[in-house]
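> I would like the atomic coordinates for the input below:
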Amino acid sequence: MRAVTTSRTPARTRADGLRFAFGTLTVLPVRIGRWDRRAARAGMLCAPLAGLVVGLAAAAAGAALLLAGAGAAPAAVAAAAAPAVLTRGLHLDGLADTADGLGSGKPAEDALAIMKRSDIGPFGVITLLLVLLGQAAALYELYEEGWAYGALGAVLAAVAARAALTCASRASVPAARPEGLGAVVAATVPAGAAGAVAVAAAGAAAGAGLLLGRSEALSAALAVLAGLGAAELLLRRCVRRLGGVTGDVFGAVAETAATAALVVLVLGR
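Residues are numbered from 1 along each chain as shown. Below you'll find the predicted structure:
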């Protein structure tokens with residue numbers, strides 16, 4: 001009996017992690033079985049898989065419109081909108097709140113209070129507008145090349161965004177508040193595991209890009225790494241400014257990674 005229990009534990013942990021990742025990062029009807037730090041660690045390690053599903057859905061939406069003759073612009077808008085729909089705008093809301101908090105110029109406690117409000121201030125509105133325009137513009141350039149290039153961009157952006165969440169959950173990054181989703185997942189992922197996820201995401205991107213050519217493989221890998229690098233810069237800024245991470249910071253980190261990855265992918269064309 002003891003041997004059976006031990007052999008099943010890793011499988012149960014992976015299952016808990018998948019449920020945690022899809023239950024918290026998507027609108028898919030997934031019931032979260034456990035809400036503790038062990039499940040959170042497994043969930044953050046599985047986050048790129050949730051990103052893959054979101055990215056494939058976004059790619060399908062854009063490709064469907066493009067192949068139906070709607071043109072690159074509607075396809076790009078659909079591909080940019082799909083992740084927001086599939087996450088209930090969770091990451092975009094976090095981006096706006098983080099922009100308001102950092103832009104306020106107030107001490108950490110006051111900035112965190114601003115981020116916790118339900119309304120969106122001017123910094124948040126401007127940031128949301130620029131990020132969404134940037135994502136749509138980059139996807140437009142890719143869909144102009146063809147549905148496969150647009151699909152690659154949509155998938156890479158979503159995976160990079162969730163890989164950035166894994167990296168932001170590493171052990172050296174504290175929570176800024178004792179409550180909320182940020183506190184549950186903060187500092188749960190070992191640094192080595194977070195690095196492995198980042199390398200795996202870049203490698204998978206290179207493999208996907210290779211389907212379109214060798215130069216596309218390199219561009220795809222660099223795009224993911226650039227997205228993770230941009231997210232890391234924001235993460236460090238938030239830790240210095242706020243004392244740690246919150247759920248809003250995680251959302252901002254994800255959107256930053258997605259946008260930077262798309263821009264770099266376009267520049268590499």
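> okay, and for the protein, where does confidence drop off?
1-9 (pLDDT under 70).
> Just the element for residue 250, please.
Assigned by DSSP states H and E, residue 250 belongs to helix 247-267.
> List the buried residues for that helix?
In terms of neighbour count (16 or more other Cβ atoms under 10 Å), helix 247-267 has its buried residues at 247-266. (Each C-beta comes from the backbone N, C-alpha and C, glycine too.)
> same deal with stretch 168-177?
168, 169, 170, 173, 175, 176, 177.
> Of those residues, just say which sits nearest to residue 125.
residue 176 (23.0 Å; Cβ to Cβ).
> which residues does the closest one contact?
Contact analysis of residue 176 by Cβ atoms under 8 Å, 6 or more residues apart in numbering lists 108, 112, 182, 238, 242, 243, 244, 245, 246, 249.
> Identify the farthest-apart pair in the residues you listed.
Across those, no pair lies farther apart than 108 and 182, at 14.0 Å, counting by Cβ to Cβ.
> So which residue is smack in the middle of this structure?
Central residue of the chain (Cα atoms, centre = their mean): residue 161, 2.3 Å from the mean position.
> Tell me which other helices or strands the helix or strand that one falls within touches.
Following DSSP H and E, one finds residue 161 within helix 147-168. Taking 3 or more Cβ pairs under 8 Å, 6 or more residues apart in numbering; DSSP states H and E as contact, the helices and strands that helix 147-168 lies on are helix 2-25, helix 37-45, helix 47-67, helix 72-86, helix 122-145, helix 191-210, helix 214-242, helix 247-267.
> now, of those helices, which is deepest in the fold?
Highest mean neighbour count among these (mean count of other Cβ atoms under 10 Å): helix 247-267, with a mean of 27.
> now that helix and helix 214-242, what's the angle there?
If you take axes from the mean of the first three to the mean of the last three Cα atoms, to 10 degrees, helix 247-267 sits at 150 degrees to helix 214-242.
> Show the backbone phi and psi for residue 245.
Main-chain dihedrals, residue 245, degrees, to the nearest 10: phi -110, psi 160.
> number of nearby residues for it?
Counted with other Cβ atoms under 10 Å, residues neighbouring residue 245 total 26.
> Show me what it is bridged to.
residue 175 (DSSP bridges).
> picking up where we left off before, what distance separates the helix holding residue 250 from the centre of its chain?
Here the centre of helix 247-267 is set off from its chain's centre by 7 Å, with Cα atoms, centre = their mean, to the nearest Å.
> Same check on stretch 59-75?
Distance, centroid of stretch 59-75 to centroid of chain: 23 Å (Cα atoms, centre = their mean).
> same question, stretch 239-253
For stretch 239-253, the distance to the chain centre is 14 Å (Cα atoms, centre = their mean).
> Return the backbone torsion pair for the nearest residue to residue 18 once chain neighbours are set aside.
Closest residue to residue 18 apart from its sequence neighbours, by Cβ to Cβ, 6 or more residues apart in numbering: residue 46 at 5.2 Å. Per-residue torsions, residue 46: phi -90, psi 0 (degrees, to the nearest 10).
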